[in-house]
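Peer 1: task: produce atomic coordinates for the following.
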Amino acid sequence: MSHIQIEKLALHGHTIDFSFSVSADIRRFFLTRHLHYEYDVDISAVPPSILYIPAVANVIHVGWALGCQIRVEELDRDFAESLAEIETIAKKTYSQFRFAGDTLRAEKTVRNRFAGDRYTLLFSGGIDSLASYITHREKRPILCTFWFWGTDTLAYEKRHWEIARENFFNFCGQESLDGHVVQSNLWELLDDRKLAKKTGLRFWLAQVSHGLVWIASLAPLVVQQSQAVIIAGGATDTIVGEWGSMPEADSKIRIADIRTIHDGDTSSRQKKIHSLVAKHPELFKFITVCFENGRNLNCSRCEKCIRTITGFALAGVDPNCCNFKISGQDLQRLIRKFEKGALSCQPTYHVNLWDEFKKFVPADERSLPLAAPDFFRWLKEYDFRNHRVSPFRRRLNRWQRKMNRLRWHRLMFKGKKVYRQMKAEFLSRTEKKLPEC
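Peer 2: Purely as a prediction, here's the structure:
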């Protein structure tokens, strides 16, 4: 039987390193066979049965999809039982998967109890996580955020992470909360494209596994003081088809005596902006929805930024107060961008989000911020469900986004080079002017 063997872990205070032995017939679905996690607290006292949880969560869906066996030395019994329940749900959702009996094989399972009394919230600074924080504010949750890096991480991505990390801890400081950062190379473990193609999906992580992976990644951290993990729901009333973080699956996840709360799954992003986020202007400056820019938290140009800008404007909030930079004229120009396919609202999930905006456009568009009534009038009348972008245009858009990212990378490199030259020239001139002793 095809198998994925999780070798004995290597624990070094704050970090865990996993190695995988993979049978030859499924090796092509792995980019690397090494998984690394780094926490900002000491996890050396955490039991091995808990430490293996992140590794199992990263590959369990691969086992279900390819019909192979996941082998591990030791695992928490509650987590193993919850995976069996999630598998039952996955069988109904992913009929194309090759489920085989006895997918998970742990040599030993251990019943753990920690009796924590706090809540932990996965927090990115986006609309969903911000709305969940506002809902559970009185619980004073511990906030956790992620940074997933790889060997091909560019300079602008590292710079953006530094900005986002500072913003995260500034938020924790303003709200007097405990905050933690988890770093990992999990994005370079699996070949998402090959797995998606094999299973007939468009995105592997987004459509299959990200809810389980995110929550399980916190296992060594949350067992030290938490009774529950809160994950923000991704607007499930607008999602059609497979999605990697659904309430019926996420709520089944248990790590020892720690349960999972899938929060806000009955409200769309726009409803959350109207009912929660727009009422808390003190939090506007922390909003982070984009990873396209190395200089700012949000680029204000990509589809996700434009969608969030539109949502705030319809809620009567000036997006320029929410870490965006845009004018009414910029919004007017978006009409042409959409119509010629320079902005794509695919997949279907995004189409539903754009189509939902129609219900929130007031009768008098001039009452909205940014002075762009033509844009909001167009928004109310445009048929997003029949919006199509040609394959050529989609590839062109992808290429342009990459060029925009690399442009910042090159400018940074060139700027550092010029700075070093100017510094060397200045020092040489200064040395010439110094009097001899």
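Peer 1: hey, let's count contacts and neighbours off CA atoms from now on
Peer 2: Will do.
Peer 1: which residues touch the nearest residue to G179 once chain neighbours are set aside?
Peer 2: Here the nearest residue to G179 in space, its sequence neighbours aside, is L143; by Cα to Cα, 6 or more residues apart in numbering that works out to 4.7 Å. Contacts for L143 (Cα atoms under 8 Å, 6 or more residues apart in numbering) come out as T120, L121, L122, F123, C172, L177, D178, G179, H180.
Peer 1: which SSE is L143 in?
Peer 2: Element membership for L143, per DSSP states H and E: strand 142-148.
Peer 1: name the residues of the helix or strand just after that strand that are buried.
Peer 2: Later in the chain than strand 142-148, the nearest helix or strand by DSSP H and E is helix 155-175. Neighbour counts using 16 or more other Cα atoms under 10 Å place 155-157, 159-161, 164-165, 167-169, 171-172 of helix 155-175 among the buried residues.
Peer 1: now the angle between strand 142-148 and helix 155-175, please.
Peer 2: Compare the direction of helix 155-175 with that of strand 142-148 by axes from the mean of the first three to the mean of the last three Cα atoms, to 10 degrees and you get 180 degrees.
Peer 1: how far off strand 142-148 does the helix or strand following helix 155-175 point, in degrees?
Peer 2: With elements assigned by DSSP H and E, the helix or strand that comes after helix 155-175 is strand 179-184. Here the directions of strand 179-184 and strand 142-148 differ by 30 degrees (the same axes, to 10 degrees).
Peer 1: other SSEs contacting strand 179-184?
Peer 2: Packed against strand 179-184 by the contact rule (3 or more Cα pairs under 8 Å, 6 or more residues apart in numbering; DSSP states H and E) you find strand 34-39, strand 142-148, helix 155-175.
Peer 1: and the next helix or strand past the helix or strand harbouring K337?
Peer 2: For K337, the host element (DSSP H and E) is helix 328-339. Using DSSP H and E, the helix or strand that follows helix 328-339 in sequence is helix 348-356.
Peer 1: elements contacting that next one?
Peer 2: helix 269-275.
Peer 1: quick one: average pLDDT of the next helix or strand after the helix it packs on?
Peer 2: Sequence-wise, the next helix or strand downstream of helix 269-275 (DSSP H and E) is helix 303-314. Summarised as a single mean, pLDDT over helix 303-314 is 90.
Peer 1: and what of stretch 198-217?
Peer 2: Regarding stretch 198-217, the rounded mean pLDDT is 91.
Peer 1: list the buried residues for it?
Peer 2: Buried positions in stretch 198-217, judged by neighbour count with 16+ other Cα under 10 Å: 199, 201, 203-205, 207-217.
Peer 1: surely Y39 and H14 touch.
Peer 2: Yes: using Cα atoms under 8 Å, Y39 is in contact with H14, at 5.3 Å.
Peer 1: out of these two, which sits in the more crowded spot?
Peer 2: Taking other Cα atoms under 10 Å, Y39 and H14 do not tie; Y39 has more neighbours (20 against 14).
Peer 1: contacting residues around that one?
Peer 2: With contact taken as Cα under 8 Å, 6+ apart, Y39 is in contact with H14, T15, H180, V181, V182, Q183, L221.
Peer 1: and D263, by the same measure?
Peer 2: S132, I230, I231, A232, G233, P247.
Peer 1: and the residue most central in space within the chain, which of the three is it?
Peer 2: Geometric centre of the chain, nearest residue: S124, 7.1 Å, by Cα atoms, centre = their mean. Reduced to three states with DSSP: H, G, I helix; E, B strand; the rest coil, the structure at S124 is coil.
Peer 1: leaving out chain neighbours, which residue sits closest to it?
Peer 2: Computed as Cα to Cα, 6+ apart, the closest residue to S124 that is not its neighbour in sequence is T145, at 5.8 Å.
Peer 1: how many neighbours does that neighbour have?
Peer 2: For T145, the count of nearby residues is 19 (other Cα under 10 Å).
Peer 1: surely it is in contact with C172?
Peer 2: No: using Cα under 8 Å, T145 makes no contact with C172, being 11.3 Å away.
Peer 1: identify the contacts common to these two.
Peer 2: Residues touching both T145 and C172 (Cα under 8 Å, 6+ apart): G179.
Peer 1: about what we covered before: list the ones among the contacts of D263 that fall in helices.
Peer 2: Among these, the ones falling in helices (DSSP state H) are S132, P247.
Peer 1: so which of the contacts of D263 sits lowest on pLDDT?
Peer 2: By pLDDT, G233 ranks lowest within those, coming in at 82.
Peer 1: number of residues surrounding it?
Peer 2: By other Cα under 10 Å, neighbour count at G233 equals 25.
Peer 1: so what does it look like in phi/psi?
Peer 2: phi -70, psi 150 (degrees, to the nearest 10).
Peer 1: could you chop the chain up by domain?
Peer 2: The chain breaks down into these domains under automatic domain parsing: 3-269, 326-423.
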